[in-house]
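Undergrad: predicted model and sequence below, questions to follow.
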Amino acid sequence: MIRPAQPASAAVSDEALFGPEAADYARYRPGLPDAAVALLAATQHGLPDPVLLDLGTGTGQVPRALLPVLHRLVHIELVDVNQRMLEAARAALEPVRGACTVGVYTGAAHSFARASSGWAPTLITCSRSFHWMARPEVLSMADRVSAPHAVVAIMGDGSLWTHQAEWTAALRELVQTYLGEGRRAGTRGTYSGPGSSYEDDLADSAFSEVNEHSFPISRTWRPEDVLGYLRTTSFARPALFADRHHEFETSALRLLQDHARLGVLKEDAVFNVLLARRPRGAA
């Protein structure tokens, strides 16, 4: 059974940021490394009825990756500010969820509250989206709604804006010629980065026992796929360019083709996972 989405108000359903690009997001955003998926699944070892709460779920990459390896999942709760993303996530999970139930919540992650009779999450994940959130409030929410033995996983691997390579530097400079020096952040002006580290956020929360895991990854991109990826980003989504977006994509494609080797561009990155638990004896 998939429960209907909880109703969203205009204040919490942020369709302007990524809604129009939901299909591109599902197609072009890289998935999780297999080693990271195995790590997440291992945190649920021995639990009879694991429950996943995925914050900032987007198109559901995390639950979609976990379902084939964590067959004991009994419930998944998807949380996002974007209704179209949630619809895409729900559609992606339907063919593979089996007996696992799925709920959706449209709104800011820190405002999530499970039903009084609902499942208590044993694994709370946040992939490539924690920087958008009210982080201390999110961790306080996680403490309220989760099982005593719950694990919080904060994950990410940067973006093509932050990746250091000749082709990404040239691409970043091209974006800046159109949008200015500051890294644009969708409907929120420019992005200045978090004021504190995620490790500090976790240290100040109930989930202060933290272990970091890093997984080197190597990806290859076709120039056309980089354009698709850019449409899903907060720093280069089409609306930022107004009527110059086609012009930008034409220039970007030419630039990427000039930098490609044998038709592909290489990205070497590191996927980082912070696994956080309550200190032993605190539950």
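TA: That came through fine.
Undergrad: so which residues of the stretch 1-150 of the chain form helices?
TA: 15-18, 22-28, 34-42, 61-66, 83-93, 135-145 (DSSP state H, counting those that start in this stretch).
Undergrad: where exactly do the strands run in this protein?
TA: Here the chain has its strands, by DSSP state E, at 51-55, 75-80, 101-106, 123-127, 151-156, 209-221, 265-277.
Undergrad: please dump the ones you listed into CSV; it should also carry mean pLDDT, distance to T162 and mean neighbour count for every row.
TA: Every C-beta, even on glycine, is put in place using the N, C-alpha and C of the backbone. Formatted as CSV, the strands of the chain follow (pLDDT from 0 to 100; distance: least, Cβ to Cβ, whole Å; neighbours: other Cβ atoms under 10 Å):
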stretch, mean pLDDT, distance to T162, mean neighbour count
strand 51-55, 98, 21, 27
strand 75-80, 97, 23, 26
strand 101-106, 96, 29, 21
strand 123-127, 98, 16, 27
strand 151-156, 97, 10, 24
strand 209-221, 97, 14, 14
strand 265-277, 97, 9, 19
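Undergrad: mind putting those into CSV with distance to P95?
TA: Below are those laid out as CSV (distance: least, Cβ to Cβ, whole Å):
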stretch, distance to P95
strand 51-55, 18
strand 75-80, 14
strand 101-106, 12
strand 123-127, 21
strand 151-156, 24
strand 209-221, 26
strand 265-277, 26
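Undergrad: and H245, which of the ones you listed is closest to it?
TA: Among those, the nearest to H245 by Cβ to Cβ is strand 209-221 (19.7 Å).
Undergrad: ok, and what's touching that closest one?
TA: Contacts with strand 209-221, where a contact means Cβ atoms under 8 Å, 6 or more residues apart in numbering, come from 30, 33, 35-36, 39, 157, 199, 202-203, 229, 264-280.
Undergrad: I figured A89 hits D80, correct?
TA: Yes - counting by Cβ atoms under 8 Å, D80 is a contact partner of A89 at 7.4 Å.
Undergrad: so what sits against both of these two?
TA: The contact sets of A89 and D80 overlap at T57, G58 (Cβ under 8 Å, 6+ apart).
Undergrad: where does pLDDT dip in the chain?
TA: For the chain, applying pLDDT under 70 flags the ranges 1-21, 185-195, 281-283.
Undergrad: cutoff 80 now
TA: For the chain, the stretches with pLDDT under 80 are 1-22, 116-118, 184-195, 281-283.
Undergrad: which one of the helices of the stretch 1-150 of the chain lies nearest to H75?
TA: helix 61-66 (10.4 Å).
Undergrad: show me what the closest one is packed up against.
TA: helix 34-42, strand 51-55, helix 83-93, strand 123-127 (3 or more Cβ pairs under 8 Å, 6 or more residues apart in numbering; DSSP states H and E).
Undergrad: adding distance to T250, write the ones you listed out as JSON lines.
TA: Shown next, in JSON lines, are the helices and strands packed on helix 61-66 (distance: least, Cβ to Cβ, whole Å):
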{"stretch": "helix 34-42", "distance to T250": "36"}
{"stretch": "strand 51-55", "distance to T250": "37"}
{"stretch": "helix 83-93", "distance to T250": "27"}
{"stretch": "strand 123-127", "distance to T250": "32"}
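Undergrad: and V74, which of these is closest to it?
TA: Nearest to V74 among the helices and strands packed on helix 61-66 is strand 51-55; the distance by Cβ to Cβ comes to 6.2 Å.
Undergrad: quick one: contacts of that closest one?
TA: 60, 62-63, 66, 73-79, 109, 112, 119-127, 129-130, 133, 138, 142, 145-147.
Undergrad: that older thread, out of the helices and strands packed on helix 61-66, which gets nearest to L171?
TA: Nearest to L171, of those and by Cβ to Cβ, is strand 123-127 at 23.2 Å.
Undergrad: what angle do the closest one and strand 265-277 make?
TA: 150 degrees (axes from the mean of the first three to the mean of the last three Cα atoms, to 10 degrees).
Undergrad: compute the inter-axis angle for strand 123-127 and strand 75-80.
TA: Here the directions of strand 123-127 and strand 75-80 differ by 30 degrees (the same axes, to 10 degrees).
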